[in-house]
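Enquirer: Sequence first, then the predicted structure:
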Amino acid sequence: MTTQQLLTPHQSQYFAWLLTRRAAGDSVESLASTLVDSQVDLNPHQVEAALFACRNPLSRGVILADEVGLGKTIEAGLVISQRWAERRRKMLIIVPANLRKQWHQELQDKFGLQGLILEAKNYNAIRKQERQNPFLFASGPIICSYQFAKAKADDVKGIDWDLVVLDEAHRLRNVYKTSNVIAKTLKEALSRVHSKVLLTATPLQNSLLELYGLVSFIDDRVFGDLDSFRSQFTGREQSFSSLRDRLAPICKRTLRKQVQPYVSYTARRAIVEEFTPSGEEQELSRLVADYLRRPNLKALPDGQRQLISLVLWKLLASSTHAIAGALETMAKRLQGVLNQAPVVPDLAEELDEDYESLDETADEWEDQEPGTEATNRSERDAIAQEIEELRHFKTLATNIRDNAKGKALLTALVRAFAELDRLGAARKAIIFTECCRSLKTDQMVSFRCAPTVTETSRIKQMLFGGFARCLYPLQKFDSDTERRFAIILERDATKWLKPAKGQFQIYYKLGTEQPEYIPDFVAETDPTIFMVETKARADINTQEVQAKAAAAARWCVNASDHASSVGSKPWKYLLVPHDEVSESKRLADYLRFEVKT
C-alpha cells in the first residue's frame, strides 16, 4: 500500500519558508511586513512603541504617552497595520471630531488602509438599507468621534473588537467621576475589548487620580478601586517608584530630549500681537452675557445649559461671525419647537457644525434632559420672544465690520512673513481656529477695483489681493489713497510691501515718549529703495508727522551709508500729500517730496 504524498516539494518549501518568518511578539521581526509596507520614514522610538503595544497578548491595552510631535498617530498606525496583517479586521478608532478626516487620510496614505468615517448621515443610511449594525458594515477600520461612539454605545458594545484606538485619550482621565458621562459610557461599551490603545501626550495634568482613570479605562485590575489607589500612591513620595513599576507594563512614554540625536526640531519663536475688541464687539458681548445669565432660557436644555453657554463664549471669543451661525442654529431649533415639528434636533449635535471642538468641550456634560415644549400660550409667547432676540443678536453680529481680531491676525501674518524672509525660510502659515467661520469674515477684492462710497468708509476692514509685485498676496489699506498708491507701485516698482510693526524699528521723539513709526510703504526700484508715507495735506506740518519724517529720513541716511559700503542701493524717504496721489502719475513724479536731513 502506497502512502499518498500530502504536499508537493514546492508546497513543502513554501511552508518551511513560512515557518522561518515566525517571530516573537516583542521582536522587530514580528513587524517586518508592516514596516516594509508603510509609506513613512519611521523613527526607532515609534517602532519600539508599536512593539510595546503588541508585546503582551494577555494585556487589555496600553497607553502610548509620547510628548507632542513624536508621532503617536504613526505608532498607532503600525499597531493597526499589524493587526490587519494578522487578519484581525474588527477595528475601531475613536478620535475628536475635528481629527476624523486626518486619521482617515493618514491610514490611507501611509498604511494603505481604507477606513470609514461613521457619522449620523451614513450611519442612518446603512441602518436603513442593510438592516444591520453599521459598525460591522465597513471593510476597513471604523473611525468615529467620541460623541458619536457615546451616542451609539449599544452598537459598539455588541461587537467583539480586535482593536480599539482612542486618540486624545486624556479626555477619559476622569472616568471615575460620575459627571464624565462620555468616558463612563465608553468604558462600559468597551469593557470586553482585550486590545485597547490610548494615545495622549498628557496622561497626567493636575492629579495622580488622572493616571488612575486612564489605567482603569483599560483594566480595572491594575490598581483596584479608587480608595485602594489613594491609600497606596497619593501623598507618599516613597510610593512613586512603586507606581512607576506598576505602570511599566501598561504605559510607555518617550520625551523629546530622548530622541534629539535622530529627530531635529524646528525652532519656535513667539510673536505676540495684541488687540482690543471694537465698541460694537464689546456691546455684542455684553448683550449675549446678559442673555446667558437669565434663569429661564427656552433655547438651552437644562441638562446642557452650562455646556452650550461655554460654547457660545468660545465662539464669541473666536469672532462675531462665528457666533452668528450658532445664534441662528439656536433660533431655528426653537422655531421647530414653536411649529411643533415632529423631530426637533439635538442642540449639541446641531452646534457641532459651528464649533469644531464641541465633542471635547462636552466631556463633562451630563445627558440632555427633555427639550423645551410649547405646552401653552404663555410658553409659546416666551419662545417666540426668545427667537426674536436670538435673531436680533445674530443681525448685530453679522453687521459688525470692524473685526479687531481679524485685523490683528493679518498684522501678525505680515510680521511673521517678514521674520521668515529674514531667516530665509518659506512663507507658510497654519492658522488654528475653534470655528472656521472666523476665517471667512473678509471677502478679498482686487486692489484695482475702486471702492464705492460706502466701502471707502470701511476700507480698513477690506482685504485686497491680485498683486504681482507685492511681497505678500493679501494687503489691507488704511485709506483709499494707499490703495491708489499701490497701483503706482505695482507698475513702477520691482517689489514693494507695507511694513509691519518692529520690521524697521524707527523711533521718533514725541514729548517724553519715543513711540515706533511704521511707514506706509517700502518700494524697491532699479536705482533706489523708497520709504513712503502718504498723509493728508493738512496734517503734514503737524509736530507728530514732522517728527516721524525726521526720524525716517535719518534712518534712510544711515541705511544708505551702509548700502554704499556693501555696494547696494541708496534709501530715500518720501512724504506725499494725499491729494497728489493719482494712478496716472509715475513713481518718479514723487521724488520732489523727498525729506532730507
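Expert: The structure has been received and is ready for your questions.

Enquirer: all contacts plus neighbour counts: C-alpha atoms, from now on.
Expert: Noted.

Enquirer: what stretches of the stretch 301-450 of the chain score poorly on pLDDT?
Expert: Confidence mapping of the stretch 301-450 of the chain against pLDDT under 70 gives the ranges 301-304, 341-375, 401, 434-444.

Enquirer: For it, just list every one of the strands.
Expert: 444-446 (DSSP state E, counting those that start in this stretch).

Enquirer: And the closest residue to Ile117 other than its chain neighbours, what's its pLDDT?
Expert: Closest residue to Ile117 apart from its sequence neighbours, by C-alpha to C-alpha, 6 or more residues apart in numbering: Ile143 at 4.7 Å. At Ile143, the model reports a pLDDT of 91.

Enquirer: Ile143 contacts Pro96, doesn't it?
Expert: No: in this structure Ile143 lies outside contact range of Pro96 using C-alpha atoms under 8 Å: 10.1 Å.

Enquirer: the more surrounded of the two?
Expert: Ile143 (25 against 21; other C-alpha atoms under 10 Å).

Enquirer: Describe which strands the one helix or strand that one maps to pairs with in its sheet and in which direction.
Expert: Using DSSP states H and E, Ile143 sits within strand 142-145. As defined by DSSP bridges, the strand partners of strand 142-145 come to strand 91-95 (parallel), strand 116-117 (parallel).

Enquirer: What are the buried residues along that strand?
Expert: Ile142, Ile143, Cys144, Ser145 (16 or more other C-alpha atoms under 10 Å).

Enquirer: Check which helices and strands the one helix or strand Leu51 maps to is in contact with.
Expert: Using DSSP H and E, Leu51 falls within helix 44-55. The criterion is 3 or more C-alpha pairs under 8 Å, 6 or more residues apart in numbering; DSSP states H and E, and the helices and strands that helix 44-55 contacts are strand 61-64, helix 72-85.

Enquirer: Show me the contact partners of the shortest one.
Expert: In this structure, residues lying in contact with strand 61-64 by C-alpha atoms under 8 Å, 6 or more residues apart in numbering are 49, 53, 72, 194-200, 215, 218-219, 249-253.

Enquirer: Where does pLDDT dip in the chain?
Expert: Ranges of the chain meeting pLDDT under 70: 1-5, 14-15, 17-40, 56-58, 235-238, 301-304, 341-375, 401, 434-444, 451-456.

Enquirer: okay, which residue is most central for it?
Expert: The chain has Phe432 as the residue nearest its centroid, 3.9 Å off, counting by C-alpha atoms, centre = their mean.

Enquirer: hang on, the earlier thing: out of the strands paired with strand 142-145, which is closest to Leu211?
Expert: Closest to Leu211 of the strands paired with strand 142-145 is strand 91-95 (C-alpha to C-alpha; 19.6 Å).

Enquirer: Which residue ranges make up each domain of the protein?
Expert: Domain segmentation of the chain under automatic domain parsing yields 24-253, 269-441, 443-593.

Enquirer: any chance of those domains in CSV, plus distance to Val263?
Expert: Listed next are the domains of the chain as CSV, based on distance: least, C-alpha to C-alpha, whole Å:
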stretch, distance to Val263
domain 24-253, 8
domain 269-441, 19
domain 443-593, 32
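
Enquirer: closest one to Pro9 among these?
Expert: Of the domains of the chain, nearest to Pro9 by C-alpha to C-alpha is domain 24-253, at 25.4 Å.

Enquirer: ok but Val522 is inside a strand, no?
Expert: Yes: assignment of Val522 by DSSP: H, G, I helix; E, B strand; the rest coil places it within a strand.

Enquirer: Once you drop chain neighbours, what's closest to it?
Expert: Val522 sits nearest to Met531 (C-alpha to C-alpha, 6+ apart), 4.5 Å away.

Enquirer: OK, contacts around the one you found?
Expert: Neighbours of Met531 in contact, by C-alpha under 8 Å, 6+ apart: Pro519, Asp520, Phe521, Val522, Ala523, Trp571, Lys572, Tyr573, Leu574.

Enquirer: just checking, the second one touches Thr534?
Expert: So the one you mean is Asp520. Yes: with contact defined as C-alpha under 8 Å, Asp520 counts as touching Thr534 (6.9 Å).

Enquirer: what sits in contact with each of those two?
Expert: Common contacts of Asp520 and Thr534, defined by C-alpha under 8 Å, 6+ apart, comprise Glu482.

Enquirer: Which one of the buried residues of strand 142-145 is nearest to Asn206?
Expert: Looking across these and measuring by C-alpha to C-alpha, the closest to Asn206 is Ser145, at 25.1 Å.

Enquirer: Tally up the residues packed near the residue lying closest to Lys501 once chain neighbours are set aside, please.
Expert: Computed as C-alpha to C-alpha, 6+ apart, the closest residue to Lys501 that is not its neighbour in sequence is Ile518, at 6.3 Å. Per other C-alpha under 10 Å, the neighbour tally for Ile518 reads 19.

Enquirer: my read: Ile518 touches Val532, true?
Expert: No: the pair formed by Ile518 and Val532 falls short of the contact definition of C-alpha under 8 Å, at 10.1 Å.

Enquirer: In JSON lines, list the contacts of Met531 along with distance to Ser565 and neighbour count.
Expert: Output for these, formatted as JSON lines (distance: C-alpha to C-alpha, whole Å; neighbours: other C-alpha atoms under 10 Å):
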{"residue": "Pro519", "distance to Ser565": "25", "neighbour count": "22"}
{"residue": "Asp520", "distance to Ser565": "27", "neighbour count": "19"}
{"residue": "Phe521", "distance to Ser565": "25", "neighbour count": "20"}
{"residue": "Val522", "distance to Ser565": "21", "neighbour count": "20"}
{"residue": "Ala523", "distance to Ser565": "21", "neighbour count": "23"}
{"residue": "Trp571", "distance to Ser565": "13", "neighbour count": "22"}
{"residue": "Lys572", "distance to Ser565": "17", "neighbour count": "23"}
{"residue": "Tyr573", "distance to Ser565": "20", "neighbour count": "25"}
{"residue": "Leu574", "distance to Ser565": "23", "neighbour count": "22"}
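
Enquirer: Tell me the one among those nearest to Ser457.
Expert: Nearest to Ser457 among those, with distances taken as C-alpha to C-alpha, is Asp520, at 18.9 Å.

Enquirer: Give me the distance between the closest one and Trp496.
Expert: 11 Å (C-alpha to C-alpha, to the nearest Å).

Enquirer: what's the answer for Ser457, then?
Expert: Relative to Trp496, Ser457 is positioned 25 Å away (C-alpha to C-alpha).

Enquirer: again, but for Val164
Expert: Distance from Val164 to Trp496, by C-alpha to C-alpha: 54 Å.

Enquirer: try Val566
Expert: 22 Å.
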